[in-house]
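K.L.:
Sharing a model prediction with you, sequence too.
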Amino acid sequence: MSKKKVEVFQIRIKTVDGSELNFEDLLLNDEFASVRIKSGPKYTQFVFIEEKGDLILGLVQSTKMVATPPKNNILTNELSALGLTEPEGLAYGNVFLYSKSTKFFLYEVTKDGLYMGQFSDHIYKLYSIYNEEKDERIVAFDIRFDVVMNIDAMKKILGMGSQKAIHMQFAAPGEIVKKVKNNQKSLKEIAKPGEEFGAELIDVVYKITSRKDKSLHTGKINQMLSWIEENYDLMKDNVKKFAIRGYEEDEENITEVDLIKDKMLESISYNEDKNMRDLKPTFRKQEITEAYQRIKNDLDNYLLI
């Protein structure tokens, strides 16, 4: 059995002109299923989308058109090609589940599939191509995949009278500067001095020493966290800590929540055969539905906090 991590987000969509655009409209558009998007050495496509009452389940398939190693016969030590033809590649999948009423989104994390930022890029490109083919006006929009914290962490955050400090640790600052480019200016400004000093680890704390009436600006914190989450596959080896600290109301003790480690997580399991003929869509959708049921009470409580 192969065990895969499932991350939990809450979807927020904002259009430039204020018009209504629902995430389910993007997922359930029949014409999207026939569109393949080329992104570097990958082709991505929605497959097996189905609506079950309030829930939408589906699989995003990515096909890697890359060089593959040879196979080896361990008895004869004979190497030979896998036999892929020119239009063939290696297929990978990420199963997902979306609740229309609560906007919660569960997403399977895999090493070779799409990470969250690539998934959102796929949607943006689908929408753009679809509207260009229809010769319709494209309404610019922004999709936010807000990280859902586990209940204990969320209670700690809400119990903070104010956020007094943010503690970040980043490994290999030189790598971060190359990866970030101009997409996340705040993070690049933190990493750049570390690269110049030749540091292997940056340990940064921003804090307010005053106890009353002052708090860190959460907008920048949330913006940086969202970018890290959307690009987590790219940044996972670099981000070691991203924590906020604050005093509990009516308490002297300070509390800390790590926004990377304390998020709500689930897992799914399914058999991965040595020579797979498909992406196990039925098993994966069944597993993620059961994962959703396991955390549904926590998600309901999350909405009440």
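P.N.:
Everything's here; your move. Residues are numbered from 1 along each chain as shown.

K.L.:
Buried ones in the helix or strand hosting I202, by neighbour count?
P.N.:
Using DSSP states H and E, I202 maps to strand 201-207. Taking 16 or more other C-beta atoms under 10 Å as the basis for neighbour counts, the residues of strand 201-207 that come out buried are I202. The way it works is simple: take the backbone N, C-alpha and C, and place the C-beta from them, glycine included.

K.L.:
I'd like the next helix or strand past that strand.
P.N.:
Using DSSP H and E, the helix or strand that directly follows strand 201-207 along the chain is helix 218-230.

K.L.:
contacting residues around that following helix?
P.N.:
When contacts are taken as C-beta atoms under 8 Å, 6 or more residues apart in numbering, the neighbours of helix 218-230 outside the stretch itself are 9, 115-117, 120, 144-147, 163, 166, 183-184, 186-187, 235, 239, 242, 244, 259-260.

K.L.:
So what angle separates the directions of that helix and strand 201-207?
P.N.:
With axes from the mean of the first three to the mean of the last three C-alpha atoms, to 10 degrees applied, the angle from helix 218-230 to strand 201-207 works out at 150 degrees.

K.L.:
Let me know the average pLDDT across helix 218-230.
P.N.:
The average pLDDT within helix 218-230 is 72.

K.L.:
Tally up the residues packed near the residue nearest to L126 when sequence neighbours are not counted, please.
P.N.:
Excluding the flanking residues, the one nearest L126 by C-beta to C-beta, 6 or more residues apart in numbering is F32, at 5.2 Å. Counted with other C-beta atoms under 10 Å, residues neighbouring F32 total 19.

K.L.:
Could you pull out the helices in this structure for me?
P.N.:
Residue ranges of the helices in the chain, as given by DSSP state H, are 23-27, 116-133, 151-159, 173-180, 185-197, 218-230, 232-235, 281-304.

K.L.:
and these as JSON lines, adding distance to I74 and mean neighbour count?
P.N.:
Written out in JSON lines, the entries for the helices of the chain read as follows (distance: least, C-beta to C-beta, whole Å; neighbours: other C-beta atoms under 10 Å):
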{"stretch": "helix 23-27", "distance to I74": "44", "mean neighbour count": "16"}
{"stretch": "helix 116-133", "distance to I74": "35", "mean neighbour count": "17"}
{"stretch": "helix 151-159", "distance to I74": "47", "mean neighbour count": "16"}
{"stretch": "helix 173-180", "distance to I74": "36", "mean neighbour count": "18"}
{"stretch": "helix 185-197", "distance to I74": "44", "mean neighbour count": "16"}
{"stretch": "helix 218-230", "distance to I74": "41", "mean neighbour count": "17"}
{"stretch": "helix 232-235", "distance to I74": "32", "mean neighbour count": "18"}
{"stretch": "helix 281-304", "distance to I74": "29", "mean neighbour count": "16"}
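
K.L.:
So for V16, which of those helices sits nearest?
P.N.:
When the helices of the chain are compared for distance to V16 using C-beta to C-beta, the nearest one is helix 116-133, at 13.1 Å.

K.L.:
packing partners for the closest one?
P.N.:
Contacts defined by 3 or more C-beta pairs under 8 Å, 6 or more residues apart in numbering; DSSP states H and E place helix 116-133 against helix 23-27, strand 37-39, strand 42-52, strand 55-64, strand 141-147, helix 218-230, helix 232-235.

K.L.:
pLDDT on stretch 117-136, on average?
P.N.:
On average, stretch 117-136 scores 79.

K.L.:
okay, it in CSV with CA atoms only?
P.N.:
Listed next in CSV are the C-alpha coordinates belonging to stretch 117-136 (Å, rounded to 0.1, in the frame of the first residue of the first chain):
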residue,chain,number,x,y,z
GLY,A,117,1.0,26.3,-7.6
GLN,A,118,1.1,24.2,-10.7
PHE,A,119,-2.5,23.1,-10.1
SER,A,120,-3.7,26.7,-9.9
ASP,A,121,-1.6,27.6,-13.1
HIS,A,122,-3.4,24.8,-14.9
ILE,A,123,-6.8,26.4,-14.0
TYR,A,124,-5.7,29.9,-15.1
LYS,A,125,-4.5,28.5,-18.5
LEU,A,126,-7.6,26.5,-19.0
TYR,A,127,-9.8,29.5,-18.4
SER,A,128,-7.8,31.6,-20.7
ILE,A,129,-7.7,29.1,-23.6
TYR,A,130,-11.4,28.4,-23.2
ASN,A,131,-12.4,32.0,-23.5
GLU,A,132,-10.0,32.7,-26.3
GLU,A,133,-11.5,29.9,-28.3
LYS,A,134,-15.0,31.2,-27.6
ASP,A,135,-13.8,34.7,-28.4
GLU,A,136,-15.3,35.9,-25.1
